[in-house]
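Trainee: what follows is a predicted protein model with its sequence.
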Amino acid sequence: MMDKIKNKGLALAVLAAAQFMVVLDATIVNVALPAVQEALKFTTDAQLQWVVTAYALTFGGFLLLGGRLADLYGRRKMFLAGVIVFALSSLLAGFAQDPTQIIVTRGLQGLGGALLAPAALSLVLSIFKEGPERNKALGVWSMVAAGGGAVGLILGGILTQYIDWRWIFFINVPIAAAVVFAALKFVPAAKPQEKERVDILGALTITGGLISLVYALAKAAEAGWGSTTTVVSFIVSAVLLATFVINEMKVRHPLITLSIFKRRNVTGGTLVMLLMPAAMFGMFFYLSIFLQSILGYSPTQTGVANLPFTLMIILVAGTLSRNVTKVNAKAIMVVAPLLVAASLMFFARVPVDANYWTDILPGIVLMAGAMASVFVLGTMVTTSGVSHKESGLVSGLLNTGQQVGGAIGLAVLTVVSTAATKTEMAKINGNPDLIPSAMVAGFHQGFKMAAVFAIGASVVALTVLKLHKPTKADLKQEAETEAEALPAIPGA
């Protein structure tokens with residue numbers, strides 16, 4: 001039961017502003033990575049990737065818990081808590097003096113996002129009545145989220161180049177303060193559900209297991225696969241993830257109802273939506289470093305160079321959403337990942353003296369169009385045949401899969417690219433003139449590994465997904481879950 005709503009439009013504006021802030025943070029940081037690396041003395045790409053990975057892992061690891069807490073303790077209460085955690089961690093990130101400090105604060109940012117994002121969407125769904133009113137609200141929600149990605153690319157470049165990279169974090173503080181003030185005035189409070197036990201152990205073990213896994217991969221890139229730290233980290237990860245599965249099977253109110261994976265489309269769709277960000281996160285990471293460190297682009301130029309990705313996502317996603325009943329969803333889910341793989345192989349031959357218009361832009365456009373197709377149809381495919389009661393769990397799985405897949409994928413790509421760069425560095429005997437070539441050789445191998453993830457997604461779509469022509473009920477459900485799943489795309 002909700003309090004009386006004074007102004008639905010203002011309530012939507014407040015909630016969308018918070019989502020805008022979270023999505024903004026995904027792209028604004030990518031543009032600033034080289035500046036952060038130089039200022040805080042990151043020694044390797046394996047270490048630098050944690051600036052992206054720490055956020056993605058805690059966001060994905062605690063997302064389902066955040067949604068559960070919102071239901072049990074009040075959506076507005078958890079929304080406000082998430083905004084405050086996000087703002088305070090952003091402030092601390094801006095003051096970071098070394099790699100450890102910024103990685104920890106980025107993790108706290110992810111936790112704040114995991115609390116506010118599901119609560120915000122739940123509030124939108126409860127404020128607006130099912131039907132045209134809600135569809136219009138969700139359209140605004142998705143549009144604002146897409147705008148956050150575009151603004152982040154440009155704003156990140158401007159702040160980094162003309163003020164200081166620290167302002168990519170500081171800027172969240174006034175936005176969050178305004179959101180908290182407005183939320184208390186315009187967003188209605190809702191009575192929480194009857195109290196139930198919360199699966200804290202599930203959230204801690206899955207997040208800890210994933211962090212240990214990525215840490216093991218990062219140490220493998222630096223110290224080797226046989227180092228004590230690497231081996232112990234893999235063992236800790238395996239124990240924590242096994243504990244998570246056992247806990248979910250026994251606990252009365254699990255974070256994830258494992259039986260949901262008996263449905264082919266849920267399993268297949270979740271795997272596809274995990275593998276595709278694994279392929280895509282690396283592109284943003286390496287392309288940002290390539291443009292600035294190799295081609296000498298300024299941060300602002302880098303933001304503008306990546307902007308076509310966001311614009312293409314918006315164009316294709318919007319067009320496909322309006323014509324989803326006219327397309328063969330399975331065919332697109334099989335072919336689109338192959339197009340992503342083709343774009344990554346295109347990047348895997350980019351020369352040291354690349355020309356943006358011929359060596360970079362075509363790959364960006366091809367990848368954006370294919371990624372948009374996968375994410376729009378993937379939401380519909382995965383939720384088809386799922387009850388309305390289960391749709392919240394499935395949409396949460398999709399968003400979690402995207403964040404976790406991206407984090408693990410970037411870690412794997414960093415292992416591959418670092419090994420290739422080390423090999424090339426040994427060949428050039430420290431010749432400074434050839435260091436850019438050695439770095440690019442590493443990037444090439446990273447892009448090739450990313451293409452393997454995309455091909456894997458295509459194989460899963462071909463062999464696991466079982467699709468039928470979408471019904472009106474499918475499309476109605478997809479309209480609600482897409483608003484949660486699509487904004488998780490970096491740059492979208």
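Mentor: Looks like it arrived, so ask away. Numbers count the residues shown, from 1 in each chain.
Trainee: hey, let's count contacts and neighbours off CA atoms from now on
Mentor: Fine.
Trainee: now for the one helix or strand S458 maps to, which elements pack on it?
Mentor: Using DSSP states H and E, S458 maps to helix 435-463. The contact analysis (3 or more Cα pairs under 8 Å, 6 or more residues apart in numbering; DSSP states H and E) places helix 435-463 against helix 264-289, helix 329-347, helix 388-428.
Trainee: and G110, which of those helices is closest to it?
Mentor: helix 388-428 (10.1 Å; Cα to Cα).
Trainee: how far off centre is that closest one?
Mentor: Taking Cα atoms, centre = their mean, to the nearest Å, one finds helix 388-428 lying 10 Å from the centre of the chain it belongs to.
Trainee: cool, and stretch 72-89?
Mentor: The answer for stretch 72-89 is 20 Å, by Cα atoms, centre = their mean.
Trainee: may I have it as PDB, with CA atoms only?
Mentor: Output in PDB follows, covering the C-alpha atoms of stretch 72-89 (Å, rounded to 0.1, in the frame of the first residue of the first chain):
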ATOM      1  CA  LEU A  72      10.800  -6.400   2.700                       C
ATOM      2  CA  TYR A  73      11.900  -3.100   4.200                       C
ATOM      3  CA  GLY A  74      10.300  -0.500   1.900                       C
ATOM      4  CA  ARG A  75      11.200   0.600  -1.600                       C
ATOM      5  CA  ARG A  76      11.600   4.300  -0.900                       C
ATOM      6  CA  LYS A  77      13.700   3.500   2.200                       C
ATOM      7  CA  MET A  78      16.100   1.300   0.200                       C
ATOM      8  CA  PHE A  79      16.100   3.700  -2.700                       C
ATOM      9  CA  LEU A  80      17.300   6.500  -0.400                       C
ATOM     10  CA  ALA A  81      19.800   4.300   1.300                       C
ATOM     11  CA  GLY A  82      21.200   3.300  -2.100                       C
ATOM     12  CA  VAL A  83      21.500   6.900  -3.300                       C
ATOM     13  CA  ILE A  84      23.300   7.900  -0.100                       C
ATOM     14  CA  VAL A  85      25.800   5.000  -0.300                       C
ATOM     15  CA  PHE A  86      26.400   5.800  -3.900                       C
ATOM     16  CA  ALA A  87      27.000   9.500  -3.200                       C
ATOM     17  CA  LEU A  88      29.300   9.000  -0.200                       C
ATOM     18  CA  SER A  89      31.400   6.300  -2.100                       C
END
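Trainee: any idea how far the residue lying farthest from the centre of the chain lies from A70?
Mentor: In the chain, the residue that sits farthest from the middle, by Cα atoms, centre = their mean, is N429; the gap is 38.3 Å. Relative to A70, N429 is positioned 57 Å away (Cα to Cα, to the nearest Å).
Trainee: show me where the stretch 1-150 of the chain has helices.
Mentor: For the stretch 1-150 of the chain, the helices defined by DSSP state H, counting those that start in this stretch cover 8-39, 45-48, 50-73, 75-94, 99-127, 132-158.
Trainee: could you dump these to JSON lines with mean neighbour count?
Mentor: Compiled in JSON lines, these are given as follows (neighbours: other Cα atoms under 10 Å):
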{"stretch": "helix 8-39", "mean neighbour count": "23"}
{"stretch": "helix 45-48", "mean neighbour count": "21"}
{"stretch": "helix 50-73", "mean neighbour count": "25"}
{"stretch": "helix 75-94", "mean neighbour count": "24"}
{"stretch": "helix 99-127", "mean neighbour count": "24"}
{"stretch": "helix 132-158", "mean neighbour count": "22"}
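Trainee: of those, which is nearest M312?
Mentor: helix 132-158 (10.8 Å).
Trainee: what's the very next helix or strand once past the closest one packed up against?
Mentor: Using DSSP H and E, the next helix or strand after helix 132-158 towards the C-terminus is helix 167-170. Secondary-structure packing of helix 167-170 (3+ Cα pairs under 8 Å, 6+ apart): helix 8-39, helix 75-94.
Trainee: state the mean pLDDT of helix 167-170.
Mentor: For helix 167-170, mean pLDDT is 95.
Trainee: next one: stretch 288-305
Mentor: Stretch 288-305 comes out at a mean pLDDT of 93.
Trainee: may I have it as PDB, with CA atoms only?
Mentor: Output of stretch 288-305 as PDB, limited to C-alpha atoms (Å, rounded to 0.1, in the frame of the first residue of the first chain):
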ATOM      1  CA  SER A 288      39.600   3.900 -24.400                       C
ATOM      2  CA  ILE A 289      43.300   3.100 -23.700                       C
ATOM      3  CA  PHE A 290      44.100   2.700 -27.400                       C
ATOM      4  CA  LEU A 291      42.600   6.000 -28.400                       C
ATOM      5  CA  GLN A 292      44.300   8.000 -25.700                       C
ATOM      6  CA  SER A 293      47.600   6.200 -25.100                       C
ATOM      7  CA  ILE A 294      48.400   5.100 -28.600                       C
ATOM      8  CA  LEU A 295      46.600   7.500 -30.900                       C
ATOM      9  CA  GLY A 296      47.000  10.500 -28.600                       C
ATOM     10  CA  TYR A 297      43.300  11.400 -28.400                       C
ATOM     11  CA  SER A 298      42.200  13.800 -25.600                       C
ATOM     12  CA  PRO A 299      39.600  12.600 -23.200                       C
ATOM     13  CA  THR A 300      36.900  14.700 -24.900                       C
ATOM     14  CA  GLN A 301      37.900  13.300 -28.300                       C
ATOM     15  CA  THR A 302      37.600   9.800 -26.900                       C
ATOM     16  CA  GLY A 303      34.100  10.500 -25.600                       C
ATOM     17  CA  VAL A 304      33.000  11.800 -28.900                       C
ATOM     18  CA  ALA A 305      34.700   8.900 -30.700                       C
END
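Trainee: buried residues, that stretch. List them.
Mentor: For stretch 288-305, burial by neighbour count (16 or more other Cα atoms under 10 Å) applies to 288-292, 294, 297-305.
Trainee: tell me the phi and psi of the residue farthest from the centre of the chain?
Mentor: Main-chain dihedrals, N429, degrees, to the nearest 10: phi 50, psi 40.
Trainee: mind checking pLDDT for it?
Mentor: pLDDT recorded at N429 is 81.
Trainee: same check on N7?
Mentor: As predicted, N7 sits at a pLDDT of 82.
Trainee: for it, which non-adjacent residue is closest in space?
Mentor: F186 (6.7 Å; Cα to Cα, 6 or more residues apart in numbering).
Trainee: same deal with V151?
Mentor: Excluding its sequence neighbours, the residue lying closest to V151 (Cα to Cα, 6+ apart) is L24, at 6.8 Å.
Trainee: so that neighbour sits against G148, correct?
Mentor: Yes - the criterion here is Cα atoms under 8 Å, and L24 meets it with G148 at 4.6 Å.
Trainee: run a quick neighbour tally on the residue nearest to N7.
Mentor: Neighbour count of F186, defined by other Cα atoms under 10 Å: 20.
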